[in-house]
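*Asks:* Provided below for reference: sequence and predicted model.
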Amino acid sequence: MKNVVFISASPKIKEKSVSEYLVKLAADKFTGDVDKAFINVRQSINKHQTLEDFEKISQADALIIAFPLYVFCLPGILMRYLEDFHKFYSDKEKFINNKLKIYALVNCGFPEPGINQEAVGVIRSFSRHMGADFRFGVLIGSGGMLLQAKDAPFMKKATKEMNKAFDTIAMDCQNDNNVSVRDLLISVKFPRRLYLFMGDRGWISVARKYGLKKKDLYRKPYSIEEAYNSGNPI
Ligand SMILES: Cc1cc2nc3c(=O)[nH]c(=O)nc-3n(C[C@H](O)[C@H](O)[C@H](O)COP(=O)(O)O)c2cc1C
């Protein structure tokens, strides 16, 4: 029997996350003699279940890590979680399964799936540090549409490709021949300019929800010049 651990690492609190959705789609592909465990990073931390969940990871045969791209990398919450896991495992002289296979499912807001590549590289590097076998990533663009428009006709191709990619993970996981598989890139067939326009509208409405104006979205709180102009120098 294989132990497969699915980790979803969207920092979202109340909203439904694409990462959870991807985990569900992927998990449904695993049938037969498989024990599945699910870890939501935010909940793991909030409910103080980290050690318990780290134990689960230590016993996994396969780890599937789903997360959104944040500032072209991993969300901080996941970065920290993986660092803590690495420390836990080094301090306790724990041994992870020496055949542990790791997969990354990354979705981003921009339409081009290739921009997730750097983040996949971070998971690859984490795997190397753990002595695990990083297998491949599934890189998905236009994340903003995956949930909201999942039943729209233009999503058919991307949905088919996602299903195929998750079938590949499920098969690869259960196979002992480690033929190398390239990262799988999936994009949504939708006019780019229209998608970006809708995305911009979305950010403006989120800003309004939090009492901000459109121009506030262009502020650079990290810029020294702006900090001085605001009267709150760092
Ligand atoms: C703080 C923040 C940073 C983000 N950075 C990027 C980015 O660098 N590139 C990108 O394409 N999308 C970026 N996004 C968009 C998310 O990757 C996208 O909305 C994703 O679908 C969210 O997935 P989730 O529902 O699993 O959290 C960012 C979103 C947030 C909130």
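*Replies:* Looks like it came in fine. Residues are numbered from 1 along each chain as shown.
*Asks:* Walk me through which strands whatever helix or strand I102 lives in pairs with, and which way each runs.
*Replies:* Take DSSP states H and E as the rule and I102 turns out to sit in strand 101-107. Sheet pairing of strand 101-107 (DSSP bridges) gives strand 62-68 (parallel), strand 133-140 (parallel).
*Asks:* does any bit of the longest one sit next to the ligand?
*Replies:* No - looking at strand 133-140 against the ligand by CB under 6 Å from any ligand atom, there are no contacts, and the closest approach is 8.5 Å. The C-beta positions use only the backbone N, C-alpha and C, and glycine is treated the same way.
*Asks:* so S127 touches F136, yeah?
*Replies:* No - when contacts are counted by CB atoms under 8 Å, S127 is not listed as touching F136 (11.0 Å).
*Asks:* Same list (the strands paired with strand 101-107) but as a markdown table, adding mean pLDDT and mean neighbour count.
*Replies:* Shown next, in a markdown table, are those (pLDDT from 0 to 100; neighbours: other CB atoms under 10 Å):
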| stretch | mean pLDDT | mean neighbour count |
| --- | --- | --- |
| strand 62-68 | 98 | 27 |
| strand 133-140 | 97 | 23 |
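*Asks:* Can you redo those as TSV, where the extra columns are distance to K156?
*Replies:* Converted to TSV, these look like this (distance: least, CB to CB, whole Å):
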stretch	distance to K156
strand 62-68	22
strand 133-140	15
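*Asks:* Helix or strand: which one has I45?
*Replies:* helix 41-46.
*Asks:* what packs against that helix?
*Replies:* helix 76-91 (3 or more CB pairs under 8 Å, 6 or more residues apart in numbering; DSSP states H and E).
*Asks:* The helix it packs on near the ligand anywhere?
*Replies:* No - residues of helix 76-91 contacting the ligand under CB under 6 Å from any ligand atom: none, with a closest distance of 9.4 Å.
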